[in-house]
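# What would the 3D arrangement of this be:
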Amino acid sequence: MSVQEVLPLNGVVTEHSGYYRADHLLVAEMVKPGSKVLDVGCGDGDLLQLLETRGIDGRGIELSREGVNRCVAKGLAVVQGDADTDLVNYPDDAFDYVILSQTLQATRQPRVVLENLLRIGHRAIVSFPNFGYWKMRLQLLIGGHMPRTENLPATWYDTTNIHFCTIKDFVELCDAIGVKMERAEALDLYGRPLRLRLPWWVWNLFGEQGVFLLSRGGRKS
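Predicted coordinates for the structure are as follows:
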């Protein structure tokens, strides 16, 4: 099933009778069948389960013990670990893809984490909420408070997110460390890709989240 079949909801029901987040469907579409994958910050293992249905060998690392227990109960190969401190223990080129889904903003050292993703894997896939999205800007401008959305429901004092960024910020980080962007997608509030190839500032304004397929080397022109 392709991401184009996403319904206007935060998650969708697929032909495999599962319920998956829209960004998970797009991430899975980016991974070649038969690949070996590490999902960093895998949560309850929903993405790993989706990858399994596509013939992908997935492993996971998750910070919370509760998340690890739920993954193991599902039969998934997941260990407890911290993206900020434990990725350094993985050898170079250990995986075909390393995925960081909606977790970058919760890391203490996003740049170091991104560099480790591309050291451990031949490619990395990163998704994150776009803090430059127009509704977030409006909440700051009109409401005068830190934005909250369906995907970011926690208050500023309860959230685990400590490094919010925009799509533009992430593109600049990729440029700074010489990362090649093989594919980039901005998703709207309903998880649908913005189909028009528009300048980054448009994606930065209307993309509710960004999903990037990355590899080593200079950025694609």
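
# make it CA atoms for all contacts and neighbour counts henceforth
Will do.

# Backbone dihedrals for the residue lying farthest from the centre of the chain, please?
Each residue of the chain has a distance to the centre, and by CA atoms, centre = their mean the biggest one is for Ile142: 28.9 Å. When read as degrees, to the nearest 10, the backbone of Ile142 gives phi -90, psi -50.

# list the contacts for it?
By CA atoms under 8 Å, 6 or more residues apart in numbering, the contact list for Ile142 is empty.

# Report pLDDT for it.
We note a pLDDT of 86 for Ile142 in this prediction.

# same check, this time on Gln4
At Gln4, pLDDT is 30.

# gap between Leu205 and Trp134?
Noted for Leu205: a distance of 5 Å to Trp134, by CA to CA, to the nearest Å.

# Neighbour count for these two, which is higher?
Set Leu205 next to Trp134 and count neighbours by other CA atoms under 10 Å: Leu205 wins out with 19 against 15.

# mind checking the backbone torsions on the nearest residue in space to that one that is not next to it in sequence?
If the residues on either side of it in the chain are set aside, Leu205 comes closest to Tyr133, at 4.8 Å by CA to CA, 6 or more residues apart in numbering. With angles defined as degrees, to the nearest 10, Tyr133 sits at phi -60, psi 140.

# Around Tyr133, count how many other residues there are.
Neighbour count for Tyr133, taken as other CA under 10 Å: 21.

# I'd guessed it sits against Phe206; true?
Yes - using CA atoms under 8 Å, Tyr133 makes contact with Phe206 at a distance of 5.6 Å.

# so how far is Arg21 from the residue farthest from the centre of the chain?
From Ile142 to Arg21 the distance is 30 Å (CA to CA).

# got it, and Leu87?
Taking CA to CA, one finds Leu87 at 25 Å from Arg21.

# Repeat that for Arg148.
Distance from Arg148 to Arg21, by CA to CA: 19 Å.

# out of the two, which sits in the busier spot?
Arg21 (18 against 14).

# Give the next helix or strand downstream of the helix or strand of the chain with the lowest mean pLDDT.
Lowest on mean pLDDT, DSSP states H and E among the helices and strands of the chain sits strand 11-13, with a mean of 40. Next helix or strand after strand 11-13 toward the C-terminus (DSSP states H and E): strand 19-21.

# Tell me which residues of the helix or strand following that next one come out buried.
Downstream of strand 19-21, the first helix or strand assigned by DSSP H and E is helix 22-30. The neighbour-count check on helix 22-30 (16 or more other CA atoms under 10 Å) flags 22-28 as buried.

# of those, closest to Trp156?
Distance to Trp156 across these (CA to CA) is lowest for Asp23, with 23.6 Å.

# Let me see the contact set for that closest one.
127, 187, 191, 211.

# how much space between it and Gly144?
Applying CA to CA to Asp23 and Gly144 gives a distance of 29 Å.

# Pipe the buried residues of helix 22-30 into a markdown table and attach pLDDT and distance to Asp44 per row.
As requested, the buried residues of helix 22-30 are exported to a markdown table (pLDDT from 0 to 100; distance: CA to CA, whole Å):
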| residue | pLDDT | distance to Asp44 |
| --- | --- | --- |
| Ala22 | 87 | 16 |
| Asp23 | 90 | 15 |
| His24 | 94 | 13 |
| Leu25 | 94 | 16 |
| Leu26 | 94 | 18 |
| Val27 | 96 | 16 |
| Ala28 | 96 | 16 |
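
# So which of the residues you listed is the closest to Cys165?
Asp23 (17.2 Å).
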